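Undergrad: sharing a model that was predicted from the sequence below.
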Amino acid sequence: MGFQTYRGGGKEIQIKLIKLNSGVATGIKVSMSKAPLLLIKAEKGFIMCGYLNIDAASSLGDVAAKVTGVSSFDDMLNARVVDLTLDAQKIGVKNGMLARDALEKMF
């Protein structure tokens with residue numbers, strides 16, 4: 001699906017629509033100095049990369065799952081969940097499941 005890229009001050013932010021079976025998620029990629037910061041947002045929750053804090057998401061009551069070692073949206077979708085919030089567990093997300101499958105539960 002389509003995407004937008006924003007550049008300025010040596011930084012780049014990419015926003016991409018990601019079609020899944022249950023709906024369309026929004027991917028956000030921010031270029032950082034060593035590795036990108038990645039997030040894919042579905043209707044009820046999101047998948048985050050290792051840059052982001054699962055404890056903060058949990059304390060806010062978010063439906064969230066974390067993957068690590070990723071550098072693209074495709075990497076994220078094919079990575080396994082390594083951590084998640086209690087609210088994500090309540091909708092059926094589990095450690096070890098593919099992030100793509102976790103996102104499907106978040107619509």
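TA: Perfect, thanks for sending it. Please read these numbers as outputs of a predicted model, since none were measured by experiment.

Undergrad: any idea which element Gly27 lies in?
TA: Gly27 is part of strand 24-30 when elements are defined by DSSP states H and E.

Undergrad: can you pull out the low-pLDDT segments for this protein?
TA: Low-confidence segments of the chain (pLDDT under 70): 1-2, 9-10.

Undergrad: what about the helices in it?
TA: Secondary structure of the chain (DSSP state H): helices at 54-59, 73-78, 86-90, 99-104.

Undergrad: which of these is buried the deepest?
TA: Sort the helices of the chain by mean neighbour count, taking mean count of other CB atoms under 10 Å, and helix 99-104 sits at the top with a mean of 22. Quick note: C-beta positions are derived from backbone N, CA and C, even for glycine.

Undergrad: quick one: it to chain centroid distance?
TA: Remark: helix 99-104 is offset 9 Å from the chain centroid, using CA atoms, centre = their mean, to the nearest Å.

Undergrad: Ala64 against Ala57, yeah?
TA: Yes. Between Ala64 and Ala57 there is a contact under CB atoms under 8 Å: 3.9 Å.

Undergrad: roughly how far apart are the residue nearest to Leu103 when sequence neighbours are not counted and Tyr6?
TA: Nearest non-adjacent residue to Leu103, counting by CB to CB, 6 or more residues apart in numbering: Ala42, 5.0 Å away. Distance of Ala42 to Tyr6, computed by CB to CB, to the nearest Å: 22 Å.

Undergrad: out of those two, which sits in the busier spot?
TA: Ala42 (21 against 10; other CB atoms under 10 Å).

Undergrad: quick one, the single longest strand found in the chain and strand 24-30 angle?
TA: Among the segments of the chain that qualify as a strand by DSSP state E, the longest is strand 11-19. Computed by axes from the mean of the first three to the mean of the last three CA atoms, to 10 degrees, the angle separating strand 11-19 from strand 24-30 equals 160 degrees.
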